[in-house]
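# following is a predicted model, sequence given first.
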Amino acid sequence: MTRGRPDGVQKKRLLTSVCLVAVFLVFLYVFFGSKDAGESALEYGSRSLRKLGSSYLGGDEDSDKQDESSTKFGLDDGDDSIAPKSFPVCDDRHSELIPCLDRNLIYQMRLKLDLSLMEHYERHCPLPERRFNCLIPPPAGYKVPIKWPKSRDEVWKVNIPHTHLAHEKSDQNWMVVKGDKIHFPGGGTHFHYGADKYIASIANMLNFTNNKFNNDGNLRTVFDVGCGVASFGGYLLSSNVITMSLAPNDVHQNQIQFALERGIPAYLGVLGTKRLPYPSRSFELAHCSRCRIDWLQRDGILLLELDRLLRPGGYFAYSSPEAYAQDEEDLRIWKKMSALVERMCWRIAAKRNQTVIWQKPLTNDCYLEREPGTQPPMCRSDDDPDAAWGVQMEACITPYSDHDHTTRGSGLAPWPARLTSPPPRLADFGYSSETFEKDTELWRQRVDTYWSILSPKISSETIRNVMDMKAHLGSFAAALKEKDVWVMNVVPEDGPKTLKIVYDRGLIGSVHNWCEAYSTYPRTYDMLHAWNVLSDIEKKGCSGEDLLLEMDRILRPTGFIIFRDRQPIIEFVKKYLAALHWEAVGTSDEPGQDGDEVVFVVQKKLWLTSESFRDTE
C-alpha cells in the first residue's frame with residue numbers, strides 16, 4: 001500500500017506532462033500550420049504575432065468568428081499597432097506557387113476528380129486551413145526580367161530555372177539554352193521553322209491582302225489553345241493582333257510562365273468541364289497546333305466551347321495529322337470531326353497540307369434549316385452565353401443575337417478604330433455612345449496623371465505586362481495604346497458582364513473573383529491597376545491582407561501598383577508597406593477627382609531570402 005501511492009503520483013505527473021506536451025504541440029500546429037499544408041516559412045525580418053485576416057485569399061466561412069480587423073480592414077479603431085513588422089516568407093519550394101492550381105493541394109485534399117475530363121487542371125482553391133499567409137520568394141539569383149521587345153526572344157534562365165522543355169522539344173525549336181539565358185527561336189509543334197512563316201501561310205490560305213494576318217484590321221483578337229510557350233501569339237503582335245494564349249499547368253507546366261516572362265499575353269487554363277472565363281463572341285480566330293485535345297469527346301463539347309467564343313464568321317485553324325488523314329485512325333477522327341462541325345454549321349474555308357481552317361456562319365440561317373433532333377442541339381433560351389465564372393460547359397450551340405443575325409456579323413470597326421468606336425453590345429447595358437466616349441476620355445486623363453507620378457521611376461521600356469484588376473469598359477487599357485504594353489483586363493464575376501465590351505474594343509481579359517488567387521504564376525506582371533478593388537472585397541467580407549499578399553505574388557520585383565480608392569483604404573495599404581517590402585512612389589493631386597477617391601502608387605522592392613543570397617555568392 002505504501003509503495004503504491006508514489007506510483008500513483010508518478011503516473012499522475014506523467015499524465016500531466018503528456019497532456020502539457022500535447023497542448024503545446026497542438027498550439028504549434030494551429031499557429032504555424034501543418035507541415036502537410038506547406039506553411040513552413042523562412043523569416044524575412046521578425047514574425048508578427050497578429051492574425052493575418054482569413055488566411056490566404058478568401059473570406060472566413062464562419063464570418064461570426066472572423067477578426068473584425070480583417071472584415072473592416074482595421075480602419076475603424078485607428079490602432080496603428082495592428083500592422084505587422086513583417087510577413088513571413090514562404091519556403092523556397094513555393095517560389096512558383098499558384099494557389100488555385102496547386103497539384104500538391106489536390107493530392108492532399110484527396111479530391112475525387114475525373115482525370116479524363118482534365119478536372120485536375122481546373123481551379124481548385126485551398127480551404128482556409130490550407131492557405132498561405134506568406135510572401136512568395138523569388139528563385140535563387142533572380143534578376144529583373146529582360147525588357148520587351150528583346151524579351152520575346154530571350155529570358156534569364158535563373159528566373160525560370162526549368163530547361164526540360166528545351167530538351168523535350170529540341171526538334172521543334174521551342175526554346176534553346178545558351179549560357180545564362182533561354183532563347184526562343186519562334187518554333188512550335190507544327191511550325192518548327194518559325195511562327196512568322198506559319199502565320200503568313202494561314203493568311204495566304206484565307207486570301208488576306210498581302211498575306212497580312214490582321215486582314216486590314218478586321219482580325220484583331222485570337223485564341224490560341226494549347227499554346228506551348230506562346231510563340232504563335234508573340235509573333236502575331238507585330239501584325240497588330242493580340243492573342244489570348246492558353247495552356248494548363250500540365251506536364252509542360254512552365255510554358256505559360258515562359259510566355260509571360262517573355263512579355264506575351266497568356267493565361268493558365270484548360271478546356272475541361274467549365275466554361276473558360278471569357279464572354280461569348282470574343283475572338284475572330286481560334287487556333288490549335290497539335291494541342292493534344294480530344295475534340296470528339298462528350299458530343300463535341302470542347303468544340304462547342306470554341307464556338308461560343310468565336311465571333312460570327314470567325315475561324316478555327318486546326319493543324320494536326322488528322323487534317324491530312326495519313327492512317328486509319330487519323331481518317332476515322334477526321335471523318336467524325338468533319339461530320340460534327342458540319343452539324344455545327346461550320347464550313348471549310350481552306351485546307352492545305354496539315355492545316356484545315358473552318359469558318360463559323362455569319363447568321364442563324366443554317367441553324368434554323370437543320371433537321372429537327374439534329375445534334376448538337378441549340379442552347380436553351382435562358383442560357384446566358386456570357387456567364388463565364390464557374391459555369392459548366394454544355395454540348396449545345398449558342399445562337400446569335402437578333403442584332404448579329406440581322407447585321408450578318410458583329411458590326412465592329414476595323415482595328416485600331418474599334419478601340420474608341422462605341423460597339424453595338426453597349427446597348428446590352430443601357431450605355432449610350434456618349435457615356436462610352438466620356439469614359440474613354442476620363443481614363444485618358446487619369447492615365448496621364450498616373451504617368452506623371454511614375455515618370456521619375458520609369459522609361460519607355462520599364463513596363464510591359466499590365467493588369468487592370470477592375471476593367472469595366474476597358475478605357476484604362478485603351479488609354480495605354482501608344483505605350484508598348486499589353487493589358488489583362490479583369491472584370492469581377494459578380495458585376496456587369498462588361499468584358500464583352502473589352503473584347504469588342506480589340507482588347508483581351510478574363511473574369512475573376514478577387515477573393516481567390518488569380519490563375520497566373522508569381523512575378524508575371526509589371527503593373528497592377530487597382531480601382532476600388534479593395535473596397536469591393538471589403539463589402540464581400542474578404543481579407544484585405546490576403547489580397548495585398550496576392551497582389552505581391554503576381555507582381556514582378558521593381559513592379560508598380562496604382563491604387564485608386566477611398567482614403568481609409570489607402571491608409572490601410574500604407575500600414576503594410578514595410579511588411580510587404582513596398583515603397584511609396586507618389587500620390588495624385590489631380591483636380592476634380594470623383595468623390596473621395598485617392599490615387600496612391602507603390603513600387604515593389606527586389607529582395608532575396610538568405611538562402612538565395614547564399615546561392616548567388
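Nice, I can see it.
# return the set of residues that bridge with Thr221.
Ile242 (DSSP bridges).
# and it, how far is that from Asp382?
Distance of Thr221 to Asp382, computed by CB to CB, to the nearest Å: 27 Å. For the C-beta atoms, the positions are set from N, CA and C on the backbone; glycine is no exception.
# those two: which is more packed in?
Under the criterion of other CB atoms under 10 Å, the comparison of Thr221 against Asp382 puts Thr221 first, with 26 against 5.
# just to check, that one is in contact with Ala286?
No: between Thr221 and Ala286 there is no contact, the gap being 10.1 Å when judged by CB atoms under 8 Å.
# mean confidence for stretch 99-109?
On average, the pLDDT along stretch 99-109 is 86.
# so how far is it off the chain centroid?
On the basis of CA atoms, centre = their mean, to the nearest Å, stretch 99-109 sits 18 Å off its chain's mean C-alpha point.
# hey, C-alpha coordinates of that stretch in PDB?
What follows is stretch 99-109, C-alpha atoms only, in PDB (Å, rounded to 0.1, in the frame of the first residue of the first chain):
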ATOM      1  CA  PRO A  99      -2.700  28.600 -55.000                       C
ATOM      2  CA  CYS A 100      -5.800  27.600 -57.000                       C
ATOM      3  CA  LEU A 101      -3.800  25.400 -59.400                       C
ATOM      4  CA  ASP A 102      -1.600  23.600 -56.900                       C
ATOM      5  CA  ARG A 103      -1.400  19.900 -57.700                       C
ATOM      6  CA  ASN A 104       0.000  19.200 -54.200                       C
ATOM      7  CA  LEU A 105      -3.100  20.700 -52.700                       C
ATOM      8  CA  ILE A 106      -5.300  18.400 -54.900                       C
ATOM      9  CA  TYR A 107      -3.400  15.400 -53.700                       C
ATOM     10  CA  GLN A 108      -3.600  16.400 -50.000                       C
ATOM     11  CA  MET A 109      -7.300  17.200 -50.200                       C
END
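# list the buried ones in it?
99-102, 105-106 (16 or more other CB atoms under 10 Å).
# now do stretch 369-380
376, 379.
# from the buried residues of stretch 99-109, pick the one nearest Asp153.
Using CB to CB, Leu101 is the member of the buried residues of stretch 99-109 that lies nearest Asp153, at 27.5 Å.
# excluding chain neighbours, give the residue nearest to Leu528 in space.
Ile561 (4.7 Å; CB to CB, 6 or more residues apart in numbering).
# any idea what the one you found is bridged to?
Note on Ile561: beta-bridge partners Leu528, Val602, judged by DSSP bridges.
# thought it was touching Glu550?
No: with contacts defined as CB under 8 Å, Ile561 does not count as touching Glu550, sitting 11.5 Å away.
# on that earlier part again, from the buried residues of stretch 99-109, pick the one nearest Val490.
The shortest gap between Val490 and any of the buried residues of stretch 99-109 belongs to Cys100, at 14.5 Å (CB to CB).
# so the closest one, which state does it fall into?
Taking DSSP: H, G, I helix; E, B strand; the rest coil as the rule, one finds Cys100 in the helix state.
# for it, what are its contacts?
Contact analysis of Cys100 by CB atoms under 8 Å, 6 or more residues apart in numbering lists 123-126, 516-517, 519.
# quick check: the gap between it and Arg130.
Cys100 sits 11 Å away from Arg130, taking CB to CB as the criterion.
# thought Asp196 was touching Leu237?
No: applying CB under 8 Å as the test, Asp196 and Leu237 come out as separate, 11.4 Å apart.
# returning to what we had before: out of the buried residues of stretch 99-109, who's nearest Phe600?
The shortest distance between Phe600 and any of those, using CB to CB, involves Pro99 and amounts to 26.0 Å.
# could you measure from that closest one over to Tyr278?
Where Tyr278 is concerned, Pro99 sits at a distance of 22 Å (CB to CB).
# go on, His529?
Distance of His529 to Tyr278, computed by CB to CB: 20 Å.
# so where's the chain shaky on pLDDT?
For the chain, applying pLDDT under 70 flags the ranges 1-82, 165-173, 187-192, 251-253, 589-595, 610-617.
# mind listing what the residue nearest to Leu528 touches?
Taking CB under 8 Å, 6+ apart as the criterion, Ile561 is in contact with 527-530, 551, 555, 582, 601-604.
# now the residues you listed as CSV including neighbour count?
Listed next are these as CSV, based on neighbours: other CB atoms under 10 Å:
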residue, neighbour count
Met527, 25
Leu528, 24
His529, 25
Ala530, 24
Met551, 26
Leu555, 25
Trp582, 22
Val601, 19
Val602, 23
Gln603, 21
Lys604, 21
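# quick check: the two most widely separated of the residues you listed?
Pairwise over the contacts of Ile561, using CB to CB, the maximum falls at His529 and Trp582, 15.4 Å.
# can you give me phi and psi for Leu416?
Not quite, residue 416 is Pro, not Leu. Reported as degrees, to the nearest 10, the phi and psi values for Pro416 are phi -100, psi 0.
# burial measure for Arg130, as a count.
When counting by other CB under 10 Å, one arrives at 21 neighbours for Arg130.
# I figured it hits Gln108, correct?
Yes: Arg130 lies in contact with Gln108 (CB under 8 Å); the separation is 7.0 Å.
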